[in-house]
Every structure is written in C-alpha cells, then in structure tokens.
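>>> Fold the following and give me the result.
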Amino acid sequence: MSKVKSEMATRCELALMGKVVTCTNDEVQIMTEYIFSAMGKDSTKLVNILENAIQRYCKNEVKFLVCNTVM
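A predicted model of the protein is given here:
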C-alpha cells in the first residue's frame, strides 16, 4: 500500500472512531466508499456524495469528515 493510501485509510479509520478528520472535495467520495466498505455495506451503489448531497443546492466545500453512531 502506498504512503498516500495508508494515510487516507488511517484518516478514515479515525473518522469511523468518531474523530473529526480533515477532508477535501477531492477526497470525500473515496473516503466515504472506504468507510462504507469497512462497515460491510455495498459501496458500489453509493452515489456521488459531492454532487448529489453536499453541492446539491449551492457550492459547498468539504473540510471535515466524521462518523457518529445513533442508537
């Protein structure tokens, strides 16, 4: 695994633990797909998060990524 992939995987794992990690518009889709696959969900059906959710109504910039557990 390359250094860049390893670093991004580490940031995804931290986000899965509830830690807020930095993220950019270029990374959000890749990181979301990693998180879905780590949770055992099918990431192949995942839509483009940036276009369909984050930037749906205006030009938002992604700065952070975090996961929360809802009980």
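>>> Of all the residues in the longest helix anywhere in the chain, which ones are buried?
Longest helix of the chain, by residue count under DSSP state H: helix 3-16. By neighbour count with 16 or more other Cβ atoms under 10 Å, helix 3-16 contains the buried residues 8, 11-12, 15-16. C-beta: built from backbone N, CA, C; applies to glycine.
>>> Whichever helix or strand comes after it pairs with which strands?
Heading C-terminal from helix 3-16, the first helix or strand you meet, by DSSP states H and E, is strand 21-22. Looking at strand 21-22 with DSSP bridges, its partner strands are strand 64-65 (antiparallel).
>>> Need the contact partners of the strand it pairs with.
11, 15, 20-23, 28, 31-32 (Cβ atoms under 8 Å, 6 or more residues apart in numbering).
>>> out of these, who's nearest residue 47?
residue 32 (10.0 Å; Cβ to Cβ).
>>> Burial check on the residue nearest to the closest one when sequence neighbours are not counted, number of neighbours?
In space, and not counting its chain neighbours, residue 32 is closest to residue 49: 5.2 Å by Cβ to Cβ, 6 or more residues apart in numbering. Neighbour count for residue 49, taken as other Cβ atoms under 10 Å: 16.
>>> contacting residues around stretch 25-40?
Residues from elsewhere that reach stretch 25-40 (Cβ under 8 Å, 6+ apart): 8-9, 11-13, 15-16, 23, 42-43, 46, 48-50, 54, 61-62, 65, 67.
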